[in-house]
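[1] I need the structure of the sequence given here:
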Amino acid sequence: MSDVTDYFVICHGGSNRQVLAIAQAVEERLSGELHLEPDHVEGRRQGEWVLLDYIDFVVHVFVEEKRSFYALERLWGDAPRLEQPPEGAATHRPAIRGRGSRPTASG
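    Next comes the predicted model:
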């Protein structure tokens, strides 16, 4: 549905400080466990909407009011949703190709 990325992860925190902590935790976990680093990061200074661009997926961490205002879920309403399974449930992780591995038009 988008040439920009394959997946969006959208979540929110209750304050700017919590948004920054969530974004930092995402970065640390992906870096430590999967050796993935974001290609681009925006919004750390304000902490109202932090965007972590991993090429194949983009993580949006909002303060709750900004998430409601921008309503990305509504903007991409036609896209299929993948809900987060309950904590501890067995999950199947989709393959993540990593930085800069997006297929080109020729292959």
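[2] tell me where this protein has helices.
    Here the chain has its helices, by DSSP state H, at 16-34, 64-70, 72-75.
[3] so residue 39 is in contact with residue 54, correct?
    Yes. Judged on CB atoms under 8 Å, residue 39 makes contact with residue 54 at a distance of 6.5 Å. Where you see a C-beta, it was placed from the backbone N, CA and C, and this is true even at glycine.
[4] tell me where this structure has strands.
    Applying DSSP state E to the chain gives strands spanning 7-13, 40-42, 49-53, 57-63.
[5] low-confidence ranges in this structure?
    The chain contains residues with pLDDT under 70 at 1-3, 76-82, 85-107.
[6] try 50
    Scanning the chain with the threshold set as pLDDT under 50 gives 1, 94-107.
[7] now stretch 67-74: buried residues?
    Within stretch 67-74, the residues scored as buried using 16 or more other CB atoms under 10 Å are residue 67.
[8] try stretch 36-50
    Of all the residues in stretch 36-50, those buried under the rule 16+ other CB under 10 Å are 36, 38, 43, 47-50.
[9] what's the farthest-apart pair in those residues?
    Spanning the widest gap among those are 36 and 48, at 24.2 Å by CB to CB.
[10] for residue 8, find the nearest of the helices of the chain.
    helix 72-75 (6.7 Å).
[11] helices or strands up against the closest one?
    strand 7-13 (3 or more CB pairs under 8 Å, 6 or more residues apart in numbering; DSSP states H and E).
[12] for the strand it packs on, packing partners?
    Partner elements for strand 7-13 (3+ CB pairs under 8 Å, 6+ apart): helix 16-34, strand 57-63, helix 64-70, helix 72-75.
[13] how many residues are close by residue 13?
    As a burial measure, residue 13 scores 20 neighbours (other CB atoms under 10 Å).
[14] which residues are in contact with the nearest residue to residue 41 once chain neighbours are set aside?
    Leaving aside its chain neighbours, residue 41 sits nearest to residue 52 (5.6 Å; criterion: CB to CB, 6 or more residues apart in numbering). If a contact means CB atoms under 8 Å, 6 or more residues apart in numbering, then residue 52 has 23, 26-27, 38, 41, 58-59, 61 as its contacts.
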